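# I'll drop the sequence and a predicted model, then ask my questions.
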Amino acid sequence: MPWHNSRTRERNPLAPPSFIDPCLPTKADKPPTGNDWAHEIKHDGYRLQIHVGRAGVRLYTMSGYDWTERYPLIVAGAAGLTSAMVIDAEAVIQGPDGVTNFEALHARTRNPEARFTGDCLGASAAASSSGYSAGRGPA
């Protein structure tokens, strides 16, 4: 599936083996119908993968670049998880009205206010084979 913006994205050659190439959304005029479909709200933030395991917590961009240092609150929250997992997440800053504020997120290179919302992709074989295992927080 092609990327949907003009900037070419290539996987970072330093991305860990546990990195999962992201599925990309497809724009449609209206959502599909039927019981076989699930829908979620698109938050206005940065898409991340959160890797949790015995090696600690790491955050990766859609191309596999390590952004762990940018979002300390997300790292701290994920450190409390007790199983190894990979989470497809969105880093967001939520305003007092409950609406996400992309400008606030984008304006800083390190965002202590950022939180995440996302879907657990599960403890995949890739996550297990790269040293991620259940029961440990950050090193």
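Looks like it arrived, so ask away.
# select the longest helix from this protein.
helix 72-79 (DSSP state H).
# who are the packing partners of that helix?
Counting contacts by 3 or more C-beta pairs under 8 Å, 6 or more residues apart in numbering; DSSP states H and E, helix 72-79 is packed against strand 46-53, strand 56-60, strand 85-92, strand 115-122. All C-beta atoms are positioned from the backbone trio N, CA, C, and that covers glycine.
# ok, Arg70 - how many residues close by?
20 (other C-beta atoms under 10 Å).
# now Phe19. Nearest residue, chain neighbours left out?
Spatial nearest neighbour of Phe19, excluding adjacent residues (C-beta to C-beta, 6 or more residues apart in numbering): Gly64 at 4.7 Å.
# next up, the contacts around the one you found.
Taking C-beta atoms under 8 Å, 6 or more residues apart in numbering, we find Gly64 in contact with 11-12, 14-16, 19.
# kindly calculate the angle that the longest helix of the chain makes with strand 46-53.
On the basis of axes from the mean of the first three to the mean of the last three C-alpha atoms, to 10 degrees, helix 72-79 is oriented at 40 degrees to strand 46-53.
# now helix 72-79 against strand 85-92, angle please.
Using the same axes, to 10 degrees, helix 72-79 lies at 150 degrees relative to strand 85-92.
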